[in-house]
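S.K.: model this:
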Amino acid sequence: MVDQELSLFHDTAPILSITELQTPMPGMECLWLAKDSTEWLAALQQTNNINTTGSGWGSPNSQLEVRPLTPSLCDLFQDLLHDNISRHYEQLSPLQLKLLLHPLQSLLCHLRQVLSCFSDFFGARRGSRTVTKASTMLRLEEVQSLLQKWYELCAVHAKADPTCPVTRANLVLYHLISLNAVTSFPEIERLARREAFDGSSRELTARYKRCIHQPEEVLIHCGQVIRLVSSMPREGRPHWWSTAIYRASLILWVESLSRTDINSQRMEKGPMFAIDAVMPDDRSVVSYLWNGEGVPVLTKGERHVELVPDEVLNHAVGLLEQGVSARVSDGIKRKLQALSRNWSVPLS
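M.R.: You can find the predicted model right below:
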């Protein structure tokens, strides 16, 4: 889990290989969450994974009845690849689903590294796509399909227990991983630092194409990250919650920055809908993704926040102030404030 989170938030390749993860996963959620060995053993006995009799645990008179081992993470991922995941459908726990994000993150990271070697990245600026790039893009779509299968499994838990902290965190990670399939966050940070940027509208348009692909889908994922994190209690949020807000907000900032450029403005029609206040299956989301109908906005209390660069950054700072103060969140807040000042000069 740590390997996956470090890879995601530091934009590096995971260290662990899925083929190395062959040991059975713990079967019951209560075993993962036990605070000490006594609580773990009590939970183990209650779930009937091991029934003990005799004078005590580990004594010569103890009789152990062990159920079949749970699948390894490698087994589970192979089932997902071969579309056999349904046979584990009822047994998969939120924490096991969290583990399953690791190989998906690893696969996506590898494909993104290959795509980053192409000068035009998402676009096709230099003639038609090469065979290598076309096949890589096709594999990227396959990973997105696997992510959708994962989401459908997780949605069952989310519906059964909407306030489960593990499931909420899982969904945030899912949306962030999905964003990596349609954005290049390292490119976005380079643009934010104005690296090799001359300040012209023409250059912004070119850089934007290297940062964001499928902007409608990007907006929905960003909105869901903000919605899910905001719905978590202040106490007990994942340690990376402020970094999740930062990534979603910076992506929204680049998208809003492109909207200030007359050359790349998109004509949006229809009613406003709050991307951070609707569920992914909401009618407004479906209409926007399929037909481009609707004007995406953010929510702040009773009012709407339009996707304007300064407004997006100010909103992000406000979201960071709503959580428990920590060095990481305070540092991110100062970083966003500095970004707003550095980009206060209009484009030429």
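S.K.: what stretches of the stretch 151-300 of the chain score poorly on pLDDT?
M.R.: Residue ranges of the stretch 151-300 of the chain with pLDDT under 70: 261-267.
S.K.: hey, where'd the strands end up in it?
M.R.: Secondary structure of the stretch 151-300 of the chain (DSSP state E, counting those that start in this stretch): strands at 269-274, 293-300.
S.K.: among those, which is nearest Glu152?
M.R.: Comparing the strands of the stretch 151-300 of the chain against Glu152 with Cβ to Cβ, the closest turns out to be strand 269-274 (23.3 Å). Glycine gets a C-beta too; all of them are placed from N, C-alpha and C.
S.K.: and the angle for that closest one with strand 293-300?
M.R.: Counting by axes from the mean of the first three to the mean of the last three Cα atoms, to 10 degrees, strand 269-274 lies at 30 degrees to strand 293-300.
S.K.: contacts for strand 269-274, please.
M.R.: 223, 282, 284-285, 287-288, 292-299, 304 (Cβ atoms under 8 Å, 6 or more residues apart in numbering).
S.K.: PyMOL command for the buried members of the residues you listed?
M.R.: A single PyMOL command selects the buried members of the contacts of strand 269-274 (16 or more other Cβ atoms under 10 Å):
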select buried, resi 223+284+285+288+294+296+297+298+299+304
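S.K.: re the thing from before, closest to Val182 out of the strands of the stretch 151-300 of the chain?
M.R.: strand 293-300 (15.2 Å).
S.K.: C-alpha coordinates for the closest one, PDB please?
M.R.: Taking Å, rounded to 0.1, in the frame of the first residue of the first chain, the C-alpha atoms of strand 293-300 are listed here in PDB:
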ATOM      1  CA  GLU A 293     -23.900  19.700 -22.200                       C
ATOM      2  CA  GLY A 294     -23.500  21.600 -19.000                       C
ATOM      3  CA  VAL A 295     -21.200  24.200 -17.400                       C
ATOM      4  CA  PRO A 296     -18.900  22.700 -14.700                       C
ATOM      5  CA  VAL A 297     -18.300  24.700 -11.600                       C
ATOM      6  CA  LEU A 298     -17.100  24.200  -8.000                       C
ATOM      7  CA  THR A 299     -19.100  24.700  -4.800                       C
ATOM      8  CA  LYS A 300     -18.300  27.000  -1.900                       C
END
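S.K.: that one pairs with which strands, parallel or anti?
M.R.: strand 269-274 (parallel), strand 303-305 (antiparallel) (DSSP bridges).
S.K.: from the contact counts, what lies against whichever helix or strand comes after the last one?
M.R.: So that's strand 303-305. Counting by DSSP states H and E, the element after strand 303-305 in chain order, helix or strand, is helix 309-321. Contact analysis of helix 309-321 by 3 or more Cβ pairs under 8 Å, 6 or more residues apart in numbering; DSSP states H and E lists helix 215-231, helix 241-259, strand 293-300, strand 303-305, helix 327-342 as its packing neighbours.
S.K.: who wins for proximity to Ile15 among those?
M.R.: helix 241-259 (19.2 Å).
S.K.: related to what we said a few turns ago, how about the strands of the stretch 151-300 of the chain, which one is nearest Thr183?
M.R.: Closest to Thr183 of the strands of the stretch 151-300 of the chain is strand 293-300 (Cβ to Cβ; 15.8 Å).
S.K.: residues contacting that closest one, please?
M.R.: Applying Cβ under 8 Å, 6+ apart, the set of residues contacting strand 293-300 is 219, 223, 226, 252, 268-277, 284, 287-288, 304-307, 312, 315, 318.
S.K.: just the buried members of these?
M.R.: 219, 223, 226, 252, 273-276, 284, 288, 304-305, 307, 312, 315.
S.K.: out of the residues you listed, who's nearest Ile188?
M.R.: Leu252 (10.3 Å).
S.K.: my read: that closest one touches Leu307, true?
M.R.: Yes: applying Cβ atoms under 8 Å, one finds Leu252 in contact with Leu307, separated by 6.6 Å.
S.K.: what do those two both touch?
M.R.: Leu219, Leu298.
S.K.: quick one, what contacts Leu173?
M.R.: Per Cβ under 8 Å, 6+ apart, neighbours of Leu173: Gln4, Glu5, Leu8, Lys98, Leu101.
S.K.: how about TSV for those, with neighbour count added?
M.R.: Listed next are the contacts of Leu173 as TSV, based on neighbours: other Cβ atoms under 10 Å:
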residue	neighbour count
Gln4	22
Glu5	21
Leu8	25
Lys98	20
Leu101	21
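S.K.: so which of the strands of the stretch 151-300 of the chain gets nearest Arg234?
M.R.: Nearest of these (Cβ to Cβ): strand 293-300, 17.4 Å.
S.K.: about what we covered before: including distance to Tyr151, could the strands paired with strand 293-300 go into CSV?
M.R.: Shown next, in CSV, are these (distance: least, Cβ to Cβ, whole Å):
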stretch, distance to Tyr151
strand 269-274, 21
strand 303-305, 27
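S.K.: and the end-to-end length of stretch 177-192?
M.R.: End-to-end distance for stretch 177-192: 21 Å, by Cα to Cα, to the nearest Å.
S.K.: can you check stretch 275-294 too?
M.R.: First-to-last residue span, stretch 275-294, Cα to Cα: 11 Å.
S.K.: again with stretch 296-315
M.R.: Using Cα to Cα, the two ends of stretch 296-315 sit 15 Å apart.
S.K.: for stretch 299-306, measure first residue to last.
M.R.: 9 Å.
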